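Structure for the following, please:
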Amino acid sequence: MPEHFRALAVILAIAATIFVVAKGPASTLLTTTGEFERRRNLWLGITFAVFLAHNFWIFMLLAAVLLSVASFKDENRVGLVLFVLLAVPMIRDEVPGFAGVRYLFDLEYFRLISLVVLVPAFLQELNKHSWKYFSESSPDKFLYAYLALNLILLFFAGSLTGTMRSGFLFFIDVFVPYAVASRLIKDTAALRTALASYVIGAMIIAGVGIIEFSKSWLLYSTLEQSLGVNWSLGSYLRRGESLRAMGTAGQAIPFGYAMAVGFCLMLGLRRYFPNKIIWLSGLCVLGLGLISSYSRGPWLGACAGFIVFAMTGPHKTKNAINLALAAVVCGFGLALSPLGEKLFESVTVESGSYDYRERLLEISISVMLKNPFFGAWDSVYSPAMQELKQGQGIIDIVNTYVSVALKCGLVGLFLFAGFFLLVLWGISRRMNSISDKDSEDLDLGRGLFAAMTCMLVTIFTVSSITIVPVLYYLFSGISVAYMRIGKTVSGKSSTNKNSIPQQKVIDHRVKVILR
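Coordinates of the predicted model:
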């Protein structure tokens, strides 16, 4: 059997196992009858399409039809998107242009999802509300200001065509996913469904990563040739003697990042698993997927998320003690195991990676200080930055914050970081307002807070490529939805409390009149 079809068979076997195990918990986690089956069938359909199409544009057409039909039937489109988000690598190709324009934009899997599923959902919501509805919160304003600043700086640094193209991509890549996620999730049930959908999809790709790591075989590596496109990512990458898994993320660090996010969200879904063994098994699958990426940044991000989750729940002192004991036990256990030897090796080998990141930070700061407020869009081409050029002939800005500061200066960095800090602050305020410490809303908030913390730590070690920005903008939108749900609940509670005394006054007046 050719490698292409052997890879498909292995992926389907992994998916079938996860789907069978997840079907029971899904009946509690998802909201409507048949929701799990429809999303499962969509995932399988998209996977068959990408492996059997043998042409990029045929795959895009098939996927568009499948997504369109599924979104028409699914009430929670954010959940639908998160379920199939990791199903396919973000292999891209240019949409041909016309009238002297060489190409319109690069089309990839997530952009197809945005155009087919999220843009129609946004337009439907826009028909019900004004534009003001999508800019009510402080995070909204910071994000839109950051996008506007990018476009202004790009206009002065580049061409009108390039600015228009970037504006369109900001719209479908950032604005629409964030706006839909923040406004279409309107209650706790929809929030729970969305988070659970991502976790189920992530567990399948975690299984793929485990196989890739253990067998030194990238299961999606044949797609580039099969679809007839050239993709700069998705190649074999080793650390020491071990292959670094990448699943559908195109690179090891984004893959580990996606697994770490799923791990943090899974912590917040514990109450929905009547069988604790199934929950622990799912957590272990995501953890092993994270380990198989052999990426230190996502490991650190997952640790930060886990600590935040433990310290935001009830019994903080007890949790801190248990956390310290668990760290000691796990540390000794790993030190005595073959797996631990491999993990510790990843910290000690490739010291050049540390040196490169340190030098990147030093040079980037010196370059940024030449244009401190608004940066320089083409700063990566400055003579000072050429020292960082690697063997492949590229300068890898392996730090999202540095990349933002170089392009948009301190003003851009302030807006970018401020957006995420406001999101974290909003989640924290919502959690602190919940009096019932055994509340479903508190557990979901802790999972979201942990996932956002994990992402913000991890992007210090990776540039915003492939799945990285998709996740932090989508889950920022979901976090804003979490805040809005809290305001809605508080408003209803306040209304109910005020209506009781008012009703008593009315009843008293009626009695007086009757007398």
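
end to end, how far does stretch 28-40 reach?
16 Å (Cα to Cα, to the nearest Å).

and that stretch, average pLDDT?
For stretch 28-40, mean pLDDT is 84.

Need the contact partners of the helix or strand hosting residue 224.
According to DSSP states H and E, residue 224 maps onto helix 223-227. Helix 223-227 is contacted by residues 4, 50-51, 53-56, 59, 89, 91, 230-231, 234 when judged by Cβ atoms under 8 Å, 6 or more residues apart in numbering. Where C-beta positions appear, they are placed from N, C-alpha and C, glycine not excepted.

model confidence over stretch 402-419, on average?
So the average pLDDT for stretch 402-419 ends up being 96.

cool, and stretch 139-158?
95.

One more: stretch 175-193?
Computed over stretch 175-193, the average pLDDT equals 95.

Give me the distance between the closest residue to residue 74 other than its chain neighbours and residue 248.
Setting aside the residues directly before and after it, residue 74 is nearest to residue 80 in space (Cβ to Cβ, 6 or more residues apart in numbering), at 4.5 Å. Using Cβ to Cβ, to the nearest Å, we find residue 80 at a distance of 17 Å from residue 248.

quick one: which of the two has more around it?
Using other Cβ atoms under 10 Å as the criterion, residue 80 and residue 248 rank with residue 248 on top: 29 against 26.

Identify the residues contacting that one.
Contacts of residue 248 (Cβ under 8 Å, 6+ apart): 86, 87, 88, 89, 90, 205, 208, 220, 255, 467.

ok, the third one - contacts?
Put plainly, it is residue 88. 46, 47, 50, 63, 109, 248.

The first one: neighbour count?
It refers to residue 46. 21.

Return the per-residue confidence for it.
98.

mind listing the strands in this protein by residue range?
Using DSSP state E, the strands of the chain run over 93-96, 103-107, 238-239, 242-243.

thinking again about what came up before, Throw the contacts of residue 88 into TSV and include distance to residue 415, thanks.
Listed next are these as TSV, based on distance: Cβ to Cβ, whole Å:
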residue	distance to residue 415
46	35
47	38
50	36
63	34
109	28
248	31
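
Need the max-distance pair from the residues you listed.
63 and 248 (13.5 Å; Cβ to Cβ).

before we move on, back to that, from the contacts of residue 248, which two are the most distant?
Maximum distance among those (Cβ to Cβ): 15.2 Å, for 90 and 208.

ok, these two, which is more surrounded?
residue 208 (26 against 23).

Please tell me I have it right and that one contacts residue 247.
Yes: between residue 208 and residue 247 there is a contact under Cβ atoms under 8 Å: 4.7 Å.

Overlap of the contact sets of the two?
219, 220, 289.

now, which of the residues you listed sits nearest residue 146?
For the shared contacts of residue 208 and residue 247, the nearest to residue 146 is residue 289 (31.3 Å; Cβ to Cβ).

least reliable of the strands of the chain going by mean pLDDT?
It's strand 238-239: among those, that one has the lowest mean pLDDT, namely a mean of 82.

And the shared contacts of residue 208 and residue 247, which is closest to residue 183?
Looking across the shared contacts of residue 208 and residue 247 and measuring by Cβ to Cβ, the closest to residue 183 is residue 289, at 31.1 Å.

Just give me the neighbour total for that closest one.
Around residue 289 there are 29 residues (other Cβ under 10 Å).

Give me the nearest residue to residue 238, chain neighbours excluded.
In space, residue 238 is closest to residue 244, 6.5 Å off (Cβ to Cβ, 6+ apart).

And the average pLDDT for stretch 258-278 is what?
Mean predicted confidence for stretch 258-278 is 93.

residues contacting the closest residue in space to residue 479 that isn't next to it in sequence?
Leaving aside its sequence neighbours, residue 479 sits nearest to residue 423 (Cβ to Cβ, 6+ apart; 4.8 Å). Contacts for residue 423 (Cβ under 8 Å, 6+ apart) come out as 139, 452, 476, 479, 480.

10 Å - rerun?
Contact partners of residue 423, counting by Cβ atoms under 10 Å, 6 or more residues apart in numbering, are 137-139, 142-143, 182, 448-449, 452, 456, 472, 475-480, 482-483.

Which ChimeraX command selects the buried ones in the residues you listed?
The following ChimeraX command selects only the buried members of the contacts of residue 423, with burial defined by 16 or more other Cβ atoms under 10 Å:
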select :137,139,142,143,182,448,449,452,456,472,475,476,477,478,479,480,482,483
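
Let's see which of the contacts of residue 423 end up in helices.
Using DSSP state H, the members of the contacts of residue 423 that fall within helices are 138-139, 142-143, 182, 448-449, 452, 456, 472, 475-480, 482-483.

The residue nearest to residue 167 when sequence neighbours are not counted - how many residues pack around it?
Excluding its sequence neighbours, the residue lying closest to residue 167 (Cβ to Cβ, 6+ apart) is residue 151, at 5.6 Å. For residue 151, the count of nearby residues is 13 (other Cβ under 10 Å).

Residue 151 against residue 174, yeah?
No: contact criterion Cβ atoms under 10 Å: residue 151 and residue 174 do not qualify, at 11.4 Å.

Return the member of the contacts of residue 88 nearest to residue 310.
Of the contacts of residue 88, the one sitting nearest to residue 310 (Cβ to Cβ) turns out to be residue 248, at 30.0 Å.

Disregarding residues adjacent in the polypeptide, which is nearest to that closest one?
Residue 248 sits nearest to residue 89 (Cβ to Cβ, 6+ apart), 4.5 Å away.

now residue 28
In this structure, residue 28 finds its nearest non-sequential neighbour in residue 272, 4.9 Å apart by Cβ to Cβ, 6+ apart.

swap in residue 289?
residue 206 (2.7 Å).

Identify the residues contacting that neighbour.
14, 18, 86, 199, 245, 247, 255, 258-259, 262-263, 282, 284-293.

Give me the buried subset of those.
14, 18, 86, 199, 245, 247, 255, 258-259, 262-263, 282, 285-293.

so what sits against both of residue 63 and residue 248?
50, 87, 88, 109.

Mind checking which of those residues are in helices?
Members of the shared contacts of residue 63 and residue 248 lying in helices (criterion: DSSP H): 50, 109.

Reformat the shared contacts of residue 63 and residue 248 as JSON lines; add distance to residue 428.
Output for these, formatted as JSON lines (distance: Cβ to Cβ, whole Å):
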{"residue": "50", "distance to residue 428": "40"}
{"residue": "87", "distance to residue 428": "33"}
{"residue": "88", "distance to residue 428": "35"}
{"residue": "109", "distance to residue 428": "33"}
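
So which of the shared contacts of residue 63 and residue 248 is the closest to residue 403?
residue 109 (22.9 Å).

Isn't residue 42 up against residue 77?
No: the criterion here is Cβ under 10 Å, and residue 42 misses it with residue 77 at 12.0 Å.

Mind listing the shared neighbours of those two?
67, 70, 71.

can you tell me which residues contact the last one?
What it means is residue 71. So residue 71 contacts 42, 77, 80, 81, 113, 116, 117, 118, 120, 121 (Cβ under 10 Å, 6+ apart).

What residues does the second one make contact with?
Applying Cβ under 10 Å, 6+ apart, one finds that residue 77 lies in contact with 67, 70-71, 113, 117-118, 120-122, 124, 180-181, 184-185, 194.
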